[in-house]
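Enquirer: test case, fold it:
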Amino acid sequence: MVSFAGEAGQFSDRPQALTDADLEAILEGAAAAGAPSAGYTVIRLPWELKTLFEEWLRTHVPGRAEHVLSLIRQLRGGRANDPRFGQRMRGTGEFAELLRQRFALACRRHGLARRSALDFDTTQFRPPRAPSSQGELF
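Expert: Residues are numbered from 1 along each chain as shown. Have a look, this model is predicted:
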């Protein structure tokens, strides 16, 4: 998904081996639309989605289904999903590292900052007030 001009582009939950060829074009489009930054997440297949996604693959891209599932398992330590904090959004292993390097290179090529490198204006933030019997009136 890539959002509108002035917002960050997000390349997320993309099935490996089905959309890999689009990574650079999507980031180029995000930069052309004015996105200042980009980020990505690798596809996650929690229990509720695993079977549904596998059935979708076997129906719509039967010749590539096993390859796609193999790449997802390579990103997830042999499983369809890795819920551990720090791994679940990026994956682990050689394929995850190659994806990270390719994404970083494409971001640099198109002048997109990594989302973590942006400075956010937090001066307007106000913490929630303590609950009051008067509600929000006073």
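
Enquirer: the helices in this protein, which residues?
Expert: Taking DSSP state H as the criterion, the chain contains helices spanning 23-32, 47-60, 65-75, 94-109.

Enquirer: now these as JSON lines including mean neighbour count?
Expert: Using the backbone N, CA and C atoms, a C-beta is placed for each residue, glycine as well. JSON lines is the format used below for the helices of the chain (neighbours: other C-beta atoms under 10 Å):
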{"stretch": "helix 23-32", "mean neighbour count": "17"}
{"stretch": "helix 47-60", "mean neighbour count": "13"}
{"stretch": "helix 65-75", "mean neighbour count": "18"}
{"stretch": "helix 94-109", "mean neighbour count": "15"}
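
Enquirer: next, format those helices as JSON lines and append distance to residue 124.
Expert: Below are the helices of the chain laid out as JSON lines (distance: least, C-beta to C-beta, whole Å):
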{"stretch": "helix 23-32", "distance to residue 124": "26"}
{"stretch": "helix 47-60", "distance to residue 124": "37"}
{"stretch": "helix 65-75", "distance to residue 124": "38"}
{"stretch": "helix 94-109", "distance to residue 124": "28"}
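
Enquirer: among those, which is nearest residue 128?
Expert: helix 47-60 (32.1 Å; C-beta to C-beta).
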